[in-house]
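From the sequence below, what's the structure:
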Amino acid sequence: PAICGLDCVGTTTIYGCGAYFSPAYIIKSSDSGLSWQYINMSAYANALVEVLFLDENTGFASGNNANGAVVLKTIDGGQSWTTIYNGTIAGEYVWKLQVLPSNTDVLFGAIETVAPNNGRLLKSIDGGLNWITKNAPEPEIQAVGFVDENHGWMGGHATGFYETTDGGETWNNTTVGSNLNRIVFINNSLGYACGTTIY
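Presented below is the predicted three-dimensional model:
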């Protein structure tokens with residue numbers, strides 16, 4: 001019914017996921033999109049928004065389950081999954097994920113919630129074994145993108161870019177952009193984001 005996340009990895013492999021309003025599933029193509037496999041993810045999540053792979057076999061998916069925000073990991077190309085993060089506030093989502101290009105042990109996530117709660121920055125420095133959270137500036141945080149462990153940006157359904165230079169301790173509203181959904185860095189100086197337009 002919907003595709004909420006897409007990721008291409010290697011030369012012919014594509015993963016997709018959905019849907020933020022459920023059901024939870026992943027689609028996979030190993031032949032550059034000529035054919036697709038449907039993977040029912042209802043055993044792991046109620047809804048999926050993001051899929052992000054390091055290579056053809058190792059990757060992550062995120063969204064929510066009955067407990068709250070969730071991050072899942074596979075090391076066998078999506079055949080089996082392990083929950084590596086699960087929040088405790090029902091209705092929250094890990095909306096988007098980022099793996100730091102210079103160090104794939106560093107992962108960031110954007111946790112979307114509803115007022116009066118704050119959205120949160122989710123971070124791991126050991127490949128997802130342990131996680132910390134920092135308050136984000138808005139409840140409906142969806143996009144996250146960092147160039148190193150401390151310098152990054154977040155935004156969301158009703159916001160543009162908020163910038164941090166201290167790992168999410170403080171945030172500055174840049175007043176640039178709106179309705180941010182994803183931020184992708186190609187390298188330390190070139191990044192793209194999508195919202196009401198492409199940034």
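
got the phi/psi numbers for the closest residue to S102 other than its chain neighbours?
In space, and not counting its chain neighbours, S102 is closest to D148: 7.2 Å by CB to CB, 6 or more residues apart in numbering. Glycine gets a C-beta too; all of them are placed from N, C-alpha and C. The phi and psi values for D148, taken as degrees, to the nearest 10, are phi -150, psi -170.

burial measure for D148, as a count.
As a burial measure, D148 scores 14 neighbours (other CB atoms under 10 Å).

Quick one: residues contacting it.
Contact analysis of D148 by CB atoms under 8 Å, 6 or more residues apart in numbering lists 100, 102, 188.

Roughly how far does it sit from S80?
The gap separating D148 from S80 is 33 Å, by CB to CB, to the nearest Å.

now swap in N181 and tell me
29 Å.

secondary structure class for the residue lying farthest from the centre of the chain?
Using CA atoms, centre = their mean, the residue of the chain lying farthest from its centre is L34. It sits 26.0 Å away. Of the three states, L34 takes coil under DSSP: H, G, I helix; E, B strand; the rest coil.

per-residue pLDDT, it?
Each residue has a pLDDT score; the one for L34 is 98.

ok, it to T12 distance?
Separation of L34 from T12 (CB to CB): 9 Å.

And for G78?
Per CB to CB, G78 is found 15 Å from T12.

re earlier: with neighbour numbers in mind, choose between N181 and S80.
N181 (18 against 11).

Quickly note the distance from the more buried one to A158.
In terms of CB to CB, N181 sits 12 Å off from A158.

try A66
Distance check for A66 against A158: by CB to CB, it reads 27 Å.

Likewise for V114?
V114 is 12 Å from A158, by CB to CB.

Now the common contact residues for these two.
Common neighbours of V114 and A158, using CB under 8 Å, 6+ apart, are E140.

tell me the pLDDT at the closest residue to G152 other than its chain neighbours?
Closest residue in space to G152, ignoring its immediate chain neighbours: F146 at 3.2 Å, by CB to CB, 6+ apart. Note for F146: predicted pLDDT of 96.

who touches F146 in this structure?
Counting by CB under 8 Å, 6+ apart, F146 touches 98, 100, 108, 152-153, 185.

before we move on, the earlier item: which of A66 and A158 has more neighbours?
A158 (12 against 9).

for that one, helix, strand, or coil?
What three-state DSSP gives for A158 is coil.

Name the nearest residue to N172, ignoring sequence neighbours.
Nearest one to N172, counting by CB to CB, 6+ apart, is E163 at 5.0 Å.

check contacts around that neighbour.
Neighbours of E163 in contact, by CB under 8 Å, 6+ apart: 151-153, 171-172, 174.
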